[in-house]
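Peer 1: Have a look at this fold, sequence not included:
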């Protein structure tokens, strides 16, 4: 019996196979990465829906009154004298403004109690998986607000000279009658009946600032298109391929690009924009 010679790959054939594998990898890896990002975005939308559902449940249990962005309250030994709408470690740093703690810095202590926390499954549901790893959260409650009489909150907008009816009347579900006189935020939430168009009124959105609230772009004079400011745009849509996940007062959540925003989306009152 004659032994059969086994034929091996030549060097050229081996190089061709390696080149084909490299080409396929170059094609498929970006597809896999995009699919992974899309999956994380879907997870963030689902988590955002849980957060807006928690806000709605809070209102249902408080005579249809929405949670304020924050108020002064004792929440336990060692915690700051501020009761935020959502819980996070507000003792990790002093905080540069009227809110304690810094969401963009790692948590060093257990999270302070938040108003909607009893309606959430756990603390992790608040954190989109696309956020920077060291951050606690990357979400904001609508902080467009008006001021209580003689309050020290200094909110103003150049838009009000164009539309006087909007002066101190543009506020979100948790920003009615704001007051900073005692050195920290005290606010009131609106009732369901005060929200003119729940499906067109923003409750929360993802953002990249140290506090869990946002009043960005209230000040500039704009209506149909948000100001083309690079920093403002960047802190709004830094997580999901040039967009952010937003939630609305009727309970739905959706991915939005910065350029899609309209000024009336931020206010529970819509009558103030008639004729604009």
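Peer 2: Looks like it came in fine. Fair warning: this is a prediction, and the values are worked out from it, not measured in the lab.
Peer 1: Every contact and neighbour count from this point should use C-alpha atoms.
Peer 2: OK.
Peer 1: For stretch 77-91, the averaged confidence score.
Peer 2: The pLDDT scores in stretch 77-91 average 89.
Peer 1: buried set for that stretch?
Peer 2: 79-80, 82-91 (16 or more other CA atoms under 10 Å).
Peer 1: Any idea which residue is closest to the centre of this protein?
Peer 2: residue 206 (2.3 Å; CA atoms, centre = their mean).
Peer 1: The residue lying closest to that residue once chain neighbours are set aside and residue 86: what is the separation?
Peer 2: Spatial nearest neighbour of residue 206, excluding adjacent residues (CA to CA, 6 or more residues apart in numbering): residue 139 at 4.2 Å. Residue 139 sits 10 Å away from residue 86, taking CA to CA, to the nearest Å as the criterion.
Peer 1: which neighbours do those two share?
Peer 2: Taking CA atoms under 8 Å, 6 or more residues apart in numbering as the criterion, residue 139 and residue 86 both touch residue 212.
Peer 1: Check the gap between the spatially closest residue to residue 109 that is not a sequence neighbour and residue 111 for me.
Peer 2: Closest residue to residue 109 apart from its sequence neighbours, by CA to CA, 6+ apart: residue 89 at 5.9 Å. Per CA to CA, residue 89 is found 4 Å from residue 111.
Peer 1: next one: residue 60
Peer 2: From residue 60 over to residue 111 (counting by CA to CA), the distance is 24 Å.
Peer 1: higher neighbour count, the two?
Peer 2: residue 111 (17 against 14; other CA atoms under 10 Å).
Peer 1: Quick one: residues contacting that one.
Peer 2: With contacts defined as CA under 8 Å, 6+ apart, residue 111 is in contact with 87-90.
Peer 1: State the pLDDT value of it.
Peer 2: On the pLDDT scale, residue 111 is placed at 90.
Peer 1: what's the distance between it and residue 265?
Peer 2: For residue 111 relative to residue 265 (CA to CA), the value is 30 Å.
Peer 1: got it, and residue 117?
Peer 2: Relative to residue 265, residue 117 is positioned 25 Å away (CA to CA).
Peer 1: Thanks again, I'm all set now.
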